[in-house]
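[1] this is the structure alone, sequence omitted:
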């Protein structure tokens, strides 16, 4: 009987959580979870925008690499301003000092359908914010390809040249054609919440074909 009364008194002295304390603890827990969830969603949104922008810029870099590769193996360079001439030039001409926006040259491989590879030409130029490549096989109709995708708008395309007008002769010409390409523009986000990103690319390429 004594032990029973002793234990009962000990249990009666123990104190638990009140309803107010439980409500406060739950409110703090919900507040922390809400903040953490919001931060997670924000981080995911930012990461998605960055990933989208990076994919777009990777596409632009790939387009520039295609242009640079063609220049490296090209020859007989002609550079001008405006649009591609109606009669595609087969002569050589250096870019204006302020830069040209049309580059025409002979490709390293014969174009499909050509009847004279030496007269084949390709042209790179800018039109309505898009970089294009046109092929002009000798004796057949020309073909045009869109190089940059629709999720970018190219605002500036400029070519700067050196060594384009070196004359052909039997001696070696050490003044190899060198082209500097300056390209800039803005990304066009697929989502309304994403913001456009401006970019600028500058690179140079020298023809590997011996200019002589």
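    Received it, and whenever you're ready, just let me know what you need. Note that this is a predicted model, so its numbers are computed, not measured.
[2] name the single longest helix found in the protein.
    Counting by DSSP state H, the longest helix found in the chain is helix 19-72.
[3] how far off centre is it?
    When distances are taken as Cα atoms, centre = their mean, to the nearest Å, helix 19-72 is centred 20 Å away from the chain's centroid.
[4] same question for the next helix-or-strand element following that helix, mean pLDDT?
    Proceeding N to C from helix 19-72, the next assigned helix or strand is strand 75-80, under DSSP states H and E. Looking at strand 75-80 alone, the average pLDDT works out to 93.
[5] before we move on, what SS does residue 132 have?
    When the structure is reduced to helix, strand and coil (DSSP: H, G, I helix; E, B strand; the rest coil), residue 132 reads as strand.
[6] beta partners for the residue nearest to residue 74 when sequence neighbours are not counted?
    Beyond its immediate neighbours in the sequence, the residue positioned closest to residue 74 (Cβ to Cβ, 6 or more residues apart in numbering) is residue 105, lying 4.0 Å away. C-beta here means a position set from N, CA and C on the backbone, and glycine is covered the same way. The partner list for residue 105 in beta bridges (DSSP bridges) reads residue 122.
[7] number of residues surrounding residue 105?
    A total of 26 residues lie near residue 105 under the criterion other Cβ atoms under 10 Å.
[8] got a list of what it touches?
    Contacts for residue 105 were tallied using Cβ atoms under 8 Å, 6 or more residues apart in numbering; they are 70-71, 74-78, 121-122.
[9] and residue 208, by the same measure?
    72-73.
[10] let's see the pLDDT reported for it.
    pLDDT, the model's per-residue confidence, is 85 for residue 208.
[11] what's the answer for residue 33, then?
    According to the predicted model, the pLDDT of residue 33 comes to 83.
[12] now do the one 3 residues further on
    As summarised for this prediction, residue 36 has a pLDDT of 77.
[13] how far away is it from residue 28?
    Using Cβ to Cβ, to the nearest Å, one gets 13 Å for the distance from residue 36 to residue 28.
[14] next: residue 67.
    Residue 67 sits 59 Å away from residue 28, going by Cβ to Cβ.
[15] ok, now residue 68?
    When Cβ to Cβ is the yardstick, residue 68 and residue 28 sit 59 Å from each other.
[16] and those two? Which one has more around it.
    Set side by side, residue 68 and residue 28 show more neighbours around residue 68, with 15 against 10, by other Cβ under 10 Å.
[17] that older thread, how far off strand 75-80 does the longest helix of the chain point, in degrees?
    Our comparison of helix 19-72 with strand 75-80, counting by axes from the mean of the first three to the mean of the last three Cα atoms, to 10 degrees, yields an angle of 110 degrees.
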